[in-house]
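In: model the following, please.
(one chain, ligands or ions: 1)
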Amino acid sequence: MGTVSSDLLGELAGLRKTLEYHNQRYHQLDDPEITDQEYDRLFDRLLEIEAEHPELVTPDSPSRRVGSPPLNSFVQVRHEIPMLSLDKVFDQQDLNKFDLRIRKRLGDTGELEYSCEPKVDGVAVSLLYEDRVLVRAATRGDGSSGEDISHNVRTIQTVPLRLHGSGIPDKLEVRGEIFMTRSGFEKMNAQATARAERLFVNPRNAAAGTLRQLDSRISASRPLTMFCYSVGLSEGRELPSRLSEVFLKLEAWGLPVNPDRRTVQGIAGCHRYAQDILARRDTLDYEIDGVVIKVNSSRLQQELGMNARTPRWAIAYKFPAEEVSTVLKDVEFQVGRTGTITPVARLEPVFVGGVTVSNATLHNMDEIKRLDVHSGDTVILRRAGDVIPKIVKVIKERRPADAGEIVAPQQCPVCGSDIEHLPEEVLIRCTGGLFCPAQRSQSLLHFASRAALDIEGLGSKLVQQLVEEGLVSSVADIFHLDADTLAGLERMGRKSAENLLAAIAHSKDLSLARFLYALGIREVGVATAQALARHFGRLQAIMDADPEALMAVPDVGPVVAGHIALFFAEPHNRKVISELLAAGIRLKEADPESAQETPLAGQTYVITGTLESMSRDEARERLQSLGAKVAGTVSAKTSCVIAGPGAGSKLAKAEALAIKIIDEAAFLALLETAAS
Ligand code: IVH
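Out: This is a model prediction of the structure:
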């Protein structure tokens with residue numbers, strides 16, 4: 001330890017100030033002024049000085065953000081003003097009642113002004129600033145006392161260790177929610193997967209687990225952040241008389257506040273706000289379980305006061321849960337078109353993320369092992385946005401004594417053929433090929449689907465019947481069905497039989513690309529089929545091509561080329577193709593040269609919201625196959641945005657940039673015209 005010169009003290013103070021400034025530019029404003037290297041150099045200098053002079057380390061030194069050696073235990077702290085909880089409502093009527101109740105209590109002052117904020121799903125904390133410096137951070141605990149987690153909170157880059165600006169109370173206790181962003185959570189779990197470490201179930205658990213660490217070096221490595229939503233204690237300075245203005249102050253002092261908050265008039269404004277946030281729920285980078293509605297005027301807040309544990313001036317308006325628990329009754333093994341066998345969980349039906357769910361894919365046997373799921377288990381099911389439902393966790397404590405282990409089948413559950421374990425994949429596959437009715441039905445369905453032969457009326461129920469009755473075993477058999485046979489089937493009248501036959505006859509004229517897609521070659525989707533058709537022009541040329549020739553097609557790599565060559569080398573596939581041609585299929589073929597043009601070449605599309613007639617992946621493939629680029633974000637370069645219901649910030653941005661926006665109907669019309 002050396003002596004301390006005033007120069008050194010000056011340097012130290014300057015370094016801390018500069019580092020905090022750049023920290024805020026980087027983390028809060030997303031607008032860095034210096035490079036990472038320059039920042040690191042300043043930071044290293046700070047660490048160097050503090051290592052030499054440990055007595056100069058202060059609680060607000062940016063060096064605290066890297067974490068410190070573990071504590072032995074947590075210290076309990078009392079909240080001078082208790083941390084309250086919120087009353088909840090789940091529907092519009094009850095929200096209206098809340099408004100009526102308080103207006104009545106206030107002697108009906110007319111429409112009230114409300115501050116609306118997303119209800120962030122994280123961990124409630126209190127931050128105490130004395131003379132601007134963060135001196136303590138604590139969990140909510142039971143509301144009266146919580147645990148000191150200052151060591152962990154200091155590592156959160158968006159939490160200022162020192163406030164700046166004017167009008168700051170000498171003692172200021174700010175409350176808010178610490179959470180993990182969705183993107184940060186996904187990145188962290190991806191890293192954990194790569195290192196074969198345990199995964200976190202959801203961002204909330206990850207945030208709570210991180211704040212419970214005694215070793216803050218762990219917290220420093222995790223992507224936590226915070227939004228402040230209220231002030232507890234404040235001494236020495238008056239705060240503004242409206243919450244919306246308090247938020248502006250907090251923001252000016254460097255505290256993180258939620259940019260998605262709004263001040264609205266009357267309960268109608270609250271409904272509109274809730275609708276808007278619900279529609280944007282998927283696009284927010286943080287998880288929410290509703291919105292919080294607060295009377296904006298602090299005078300009226302005081303007048304309204306509180307119940308036992310909840311304020312009368314605020315309410316949580318909850319959205320449908322995205323995570324629920326349910327019982328997994330059984331696991332069924334389903335056989336897909338290419339023979340892959342997928343375990344599917346049959347669940348006690350539950351309402352989650354706005355829909356009732358009774359099945360969830362378990363993907364493969366590795367996933368079953370990872371989750372350690374048994375039949376009879378109570379599981380946590382998650383469905384966020386329009387994402388497919390997923391089992392994220394098993395509640396082992398609730399496993400019944402008769403829970404059954406889930407074992408992979410040795411034979412195909414549909415046709416009894418042997419099962420192949422693919423060494424390089426975690427998948428298992430039925431070896432029965434077209435002998436397997438499941439694969440046969442699936443390939444027939446695929447053959448008749450909209451992007452393939454587009455045979456209206458040939459749906460899954462009918463296909464299953466046709467296969468079970470032995471009327472159709474290869475796709476070519478479809479073209480030999482007659483009205484009498486069809487009319488004799490269950491739920492089939494003469495009229496529908498005739499309609500179906502007309503649709504089948506109509507499907508015989510089709511483009512080479514659709515035909516290639518219809519064949520169901522592994523990994524040949526719409527886009528690849530179109531690229532192949534464009535490149536080769538004629539079916540025979542593709543059938544004769546070796547893998548090398550196939551790889552000359554854009555986007556066809558060695559794996560796909562291998563699948564294509566193998567498909568056409570298989571005698572029974574060649575036989576089916578000649579049967580189809582003999583049955584009267586007429587392919588629109590072209591010379592490879594003249595087929596080069598792509599109608600949407602040079603255009604960039606962005607898809608947002610949900611589409612009803614196809615998945616977003618399919619929409620992307622179809623656009624790409626017409627030569628368009630599909631981007632994830634809207635920019636000045638975007639040619640057009642396709643917006644379905646639930647479109648959020650991308651739509652807003654497109655509007656702001658005056659970019660062409662079309663709905664699903666216009667998009668389908670576009671596909672139709674461009675493809676013809
Ligand atoms: S206000 C008296 N605002 O919800 C004010 N709470 O059930 C009490 N929460 O423990 C809290 N986002 O953890 C408020 N914008 C927000 C919030 C919010 C999330 C949590 C908070 C609280 C719980 C109340």
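In: residues near the residue in the chain that the ligand sits nearest to, how many?
Out: Distance from the ligand to each residue of the chain (CB to the nearest ligand atom) is smallest for Ala124, at 3.2 Å. Just so you know, the C-beta spots here come from the backbone N, C-alpha and C atoms, and that holds for glycine as well. Counted with other CB atoms under 10 Å, the neighbours of Ala124 add up to 20.
In: wait, is it part of a strand?
Out: Yes. Counting by DSSP: H, G, I helix; E, B strand; the rest coil, Ala124 is found in a strand.
In: how is Val344 assigned, secondary-structure-wise?
Out: strand.
In: does Cys240 sit in a helix or strand, and which one?
Out: No Cys there; residue 240 is Pro. Pro240 is part of no helix or strand, with elements assigned from DSSP states H and E.
In: surely it is in contact with Lys249?
Out: Yes. The criterion here is CB atoms under 8 Å, and Pro240 meets it with Lys249 at 6.3 Å.
In: more neighbours: these two, which one.
Out: Higher neighbour count among Pro240 and Lys249: Lys249, with 20 against 13, using other CB under 10 Å.
In: bridging residues for the residue of the chain closest to the ligand?
Out: Here Ala124 sits in beta bridges with Glu177, going by DSSP bridges.
In: quick one, what contacts it?
Out: 83, 139-140, 175-177 (CB atoms under 8 Å, 6 or more residues apart in numbering).
In: how about a markdown table for the residues you listed, with neighbour count, pLDDT and distance to Ala503 added?
Out: Below are these laid out as a markdown table (neighbours: other CB atoms under 10 Å; pLDDT from 0 to 100; distance: CB to CB, whole Å):
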| residue | neighbour count | pLDDT | distance to Ala503 |
| --- | --- | --- | --- |
| Met83 | 22 | 93 | 65 |
| Thr139 | 24 | 95 | 64 |
| Arg140 | 20 | 94 | 63 |
| Arg175 | 19 | 98 | 63 |
| Gly176 | 24 | 98 | 60 |
| Glu177 | 24 | 98 | 56 |
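In: and those residues near the ligand, which?
Out: Among the contacts of Ala124, the residues that sit close to the ligand (CB under 6 Å from any ligand atom) are 140, 177.
In: from the contacts of Ala124, pick the one nearest Leu95.
Out: Among these, Glu177 lies closest to Leu95 (CB to CB), at 21.2 Å.
In: contacting residues around that closest one?
Out: Counted by CB under 8 Å, 6+ apart, Glu177 has contacts 120-125, 226-227, 229.
In: which other residues reach stretch 543-557?
Out: Counting by CB under 8 Å, 6+ apart, 527-528, 531-532, 535-536, 542, 558, 560-562, 564-565, 568, 574, 577 sit against stretch 543-557.
In: in these, find the pair that's most separated.
Out: Ala527 and Arg574 (24.6 Å).
In: who has more neighbours, those two?
Out: Neighbour count, other CB under 10 Å: between Ala527 and Arg574, Ala527 has more, with 20 against 13.
In: which residues touch that one?
Out: Counting by CB under 8 Å, 6+ apart, Ala527 has contacts 555, 621-622, 624-625.
In: now it. Its backbone dihedrals?
Out: phi -60, psi -40 (degrees, to the nearest 10).
In: how about Lys390?
Out: Per degrees, to the nearest 10, the backbone of Lys390 is at phi -140, psi 140.
In: the nearest residue to it once chain neighbours are set aside and Val324, how far apart?
Out: Among residues not flanking Lys390 along the chain, Arg382 sits closest, at 5.4 Å (CB to CB, 6 or more residues apart in numbering). Relative to Val324, Arg382 is positioned 8 Å away (criterion: CB to CB, to the nearest Å).
In: more neighbours, the two?
Out: Taking other CB under 10 Å, Arg382 and Val324 do not tie; Arg382 has more neighbours (20 against 17).
In: who does the more buried one form a beta bridge with?
Out: Glu323, Lys390.
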